[in-house]
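Peer 1: I'll drop the sequence and a predicted model, then ask my questions.
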Amino acid sequence: MSESERLALQVEHVKALQGRYEEAMVAQGYDGLLISSGAAPMQYGDDQGWTFQGYGPFLHWTGLAGFEHAWLLIRPGHKPLLSLYQPVDFWHATLELTPEPWHQEFQLVFSESREAPEFDGVNQLAVIGDPSLLTGVPGSHNPEPLCAALDETRVHKTAYEIACLAKANVLAVAGHRAARDAFLAGASEFDINLAYQQATRQREAQAPYHSIIGVNEHAGTLHYQYYDTATPPKSRSLLIDAGVRYRGYCSDITRTTAGVGEGRFSALLQGLEQLQFRLCDMVAPGVEYVDIHRRTHQGLAALLSAAGLVSGLDEEEMVAEGITRAFFPHGIGHFLGVQVHDVAGKPVPPPSDAPFLRLTRTLEPGMVVTIEPGLYFIPSLLEPLLTGPLGHHLNRELLDELQGCGGIRIEDNVVVTDTGNRNLTREAES
């Protein structure tokens with residue numbers, strides 16, 4: 001899709017949001033809604049601020065991830081008022097707004113003040129955003145029923161949102177390919193990260209989350225947060241979980257690569273990828289997302305048995321006894337949008353057999369989800385099994401060999417369509 005086509009879709013996106021927000025506001029008794037974009041808080045005892053990426057509802061309307069101290073006023077029957085903070089500042093550069101068609105849908109003003117814009121004609125005002133920035137602003141601050149209703153407006157993506165998520169996948173796939181090539185050429189975690197940033201042309205501070213780049217046993221730490229600058233004596237595996245933010249929207253992709261000569265690990269990787277394909281194919285209207293999670297455990301049990309990692313138990317027993325949870329401790333995925341773990345995913349709590357699941361809804365057209373099965377060799381999770389009554393069913397020698405590879409995770413971003421699904425990640429790779 002061309003940039004001009006995306007811009008045309010954004011105009012329709014803004015009109016759709018106007019209708020969705022007005023409906024939520026009227027239902028909750030408000031005739032005005034003021035949204036703060038947010039601002040990076042200062043680090044304690046320092047004059048440096050934390051990284052800033054913008055408040056979700058503000059991004060939902062504008063996609064302007066870098067604009068601090070901006071305000072958006074929504075009123076039924078009126079154009080949204082977008083006030084952007086543009087101080088005269090010789091210390092820092094001020095972000096400029098490039099003219100685009102969607103601006104015509106807004107009353108656009110620029111202010112040298114961080115304060116909320118002045119307006120009248122509103123009797124019942126709601127104000128949402130970081131509470132620390134709302135002090136002194138009149139109105140009802142972050143009313144929970146309204147905030148919940150606004151979260152629901154983000155569950156079903158517009159055509160514009162899906163186009164942005166697709167582009168974010170295209171950009172991230174280029175980075176993942178560069179990271180894989182760097183790993184196979186013997187790069188360190190630090191250099192792999194640089195290769196990813198170079199290919200995506202996005203600074204790490206602008207990315208939707210801190211990239212997870214784990215070589216060897218580091219791949220077994222689910223949110224591994226460091227980058228070794230030295231290359232290990234033997235590079236056995238790479239797990240990279242990294243995305244790109246495009247016009248406010250996030251991609252969230254994970255790929256695992258086996259090192260040269262790692263035949264056993266490579267076979268496991270291929271087996272998990274085949275399972276991941278089947279799980280992605282399950283995405284369709286009417287499917288319970290928790291059923292995809294449970295199918296993952298069934299598939300992992302079959303893979304563990306076929307690989308000789310677990311023996312003497314059938315697949316149902318492996319799941320029931322919690323063996324598969326030791327190899328796959330997290331949920332199968334989550335909603336995706338202007339936040340990596342997008343909102344409104346858990347209208348009901350996750351079931352007891354999936355405590356970390358971030359999405360418990362029935363899938364509907366327009367939802368965008370991630371599908372990310374994993375298979376890890378985490379000592380703190382496996383050791384209780386190995387030393388317990390089920391220990392004789394596990395192949396300790398094989399587990400010890402594979403522990404140095406850390407683990408496997410494969411993650412795609414998938415749209416629920418009217419008749420099935422659209423895999424944005426595999427589409428970007430083709």
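Peer 2: Received, thanks.
Peer 1: I'd like the next helix or strand past the strand or helix carrying residue 264.
Peer 2: When elements are assigned from DSSP states H and E, residue 264 belongs to helix 263-282. Scanning forward in sequence from helix 263-282 by DSSP H and E, the next helix or strand is helix 289-306.
Peer 1: What segments of the stretch 101-250 of the chain are helices?
Peer 2: 144-152, 159-184, 189-200 (DSSP state H, counting those that start in this stretch).
Peer 1: who wins for proximity to residue 25 among the ones you listed?
Peer 2: helix 144-152 (7.2 Å; Cβ to Cβ). For the C-beta atoms, the positions are set from N, CA and C on the backbone; glycine is no exception.
Peer 1: List the buried residues for that closest one?
Peer 2: 146, 149-151 (16 or more other Cβ atoms under 10 Å).
Peer 1: and what of stretch 150-159?
Peer 2: In stretch 150-159, counting by 16+ other Cβ under 10 Å, buried: 150-151, 153-155, 157-159.
Peer 1: How far does stretch 348-355 sit from its chain's centre?
Peer 2: 20 Å (Cα atoms, centre = their mean, to the nearest Å).
Peer 1: taking the mean pLDDT, what do you get for that stretch?
Peer 2: Throughout stretch 348-355, pLDDT has a mean value of 94.
Peer 1: residues making contact with that stretch?
Peer 2: Here stretch 348-355 makes contact (Cβ atoms under 8 Å, 6 or more residues apart in numbering) with 290, 293-294, 325, 331, 356-358, 360.
Peer 1: ChimeraX command to pick out the buried ones of those?
Peer 2: Per 16+ other Cβ under 10 Å, the buried members of the contacts of stretch 348-355 correspond to this ChimeraX selection:
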select :290,293,294,325,331,357,358,360
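Peer 1: And the contacts of stretch 348-355, which two are furthest apart?
Peer 2: 325 and 360 (17.4 Å).
Peer 1: mind saving the C-alpha coords of the helix holding residue 264 as CSV?
Peer 2: These are the backbone C-alpha positions of helix 263-282, laid out as CSV (Å, rounded to 0.1, in the frame of the first residue of the first chain):
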residue,chain,number,x,y,z
GLY,A,263,21.2,-30.1,14.4
ARG,A,264,19.1,-31.2,17.4
PHE,A,265,18.2,-27.6,18.3
SER,A,266,17.4,-26.9,14.7
ALA,A,267,15.0,-29.8,14.5
LEU,A,268,13.2,-28.6,17.6
LEU,A,269,13.0,-25.1,16.0
GLN,A,270,11.5,-26.5,12.8
GLY,A,271,9.0,-28.5,14.9
LEU,A,272,7.9,-25.5,16.8
GLU,A,273,7.6,-23.4,13.7
GLN,A,274,5.2,-26.0,12.2
LEU,A,275,3.2,-25.8,15.3
GLN,A,276,3.2,-22.0,15.1
PHE,A,277,1.8,-22.2,11.6
ARG,A,278,-1.1,-24.4,12.8
LEU,A,279,-1.8,-22.0,15.7
CYS,A,280,-1.9,-19.0,13.4
ASP,A,281,-4.3,-20.8,11.1
MET,A,282,-6.6,-21.2,14.1
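Peer 1: and it, which residues are buried?
Peer 2: 265-266, 268-269, 271-272, 275-276, 279-280, 282.
Peer 1: And for stretch 129-144?
Peer 2: For stretch 129-144, using 16+ other Cβ under 10 Å, the buried residues are 129, 133-134, 139, 143.
Peer 1: now those residues as TSV including distance to residue 348?
Peer 2: Shown next, in TSV, are the buried residues of stretch 129-144 (distance: Cβ to Cβ, whole Å):
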residue	distance to residue 348
129	27
133	32
134	30
139	31
143	22
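Peer 1: Between which two of the residues you listed is the distance greatest?
Peer 2: 133 and 143 (16.5 Å).
Peer 1: Show me which of the contacts of stretch 348-355 is closest to residue 62.
Peer 2: residue 358 (25.4 Å).
Peer 1: and that closest one, that's in a helix?
Peer 2: No. Assignment of residue 358 by DSSP: H, G, I helix; E, B strand; the rest coil gives coil, placing it outside any helix.
Peer 1: my guess is it meets residue 336, correct?
Peer 2: No. Judged on Cβ atoms under 8 Å, residue 358 makes no contact with residue 336 at a distance of 10.5 Å.
Peer 1: after the helix or strand residue 13 falls within, next one along is what?
Peer 2: Using DSSP H and E, residue 13 sits within helix 3-28. Downstream of helix 3-28, the first helix or strand assigned by DSSP H and E is strand 32-36.
Peer 1: by how many degrees do that following strand and helix 3-28 diverge?
Peer 2: 130 degrees (axes from the mean of the first three to the mean of the last three Cα atoms, to 10 degrees).
Peer 1: Need the CA coordinates for strand 32-36. PDB is fine.
Peer 2: The C-alpha trace of strand 32-36 is given here as PDB (Å, rounded to 0.1, in the frame of the first residue of the first chain):
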ATOM      1  CA  GLY A  32     -16.300  16.900  26.500                       C
ATOM      2  CA  LEU A  33     -13.200  14.800  26.700                       C
ATOM      3  CA  LEU A  34      -9.700  16.200  27.100                       C
ATOM      4  CA  ILE A  35      -6.800  13.800  26.400                       C
ATOM      5  CA  SER A  36      -3.300  14.600  27.500                       C
END
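Peer 1: who wins for proximity to residue 426 among the helices of the stretch 101-250 of the chain?
Peer 2: Of the helices of the stretch 101-250 of the chain, nearest to residue 426 by Cβ to Cβ is helix 159-184, at 9.2 Å.
Peer 1: What are the buried residues along that closest one?
Peer 2: For helix 159-184, using 16+ other Cβ under 10 Å, the buried residues are 159-176, 178-180, 182-183.
Peer 1: could you give the angle of it to helix 189-200?
Peer 2: Going by the same axes, to 10 degrees, helix 159-184 makes 140 degrees with helix 189-200.
Peer 1: Give me the average confidence score over helix 159-184.
Peer 2: On average, helix 159-184 scores 98.
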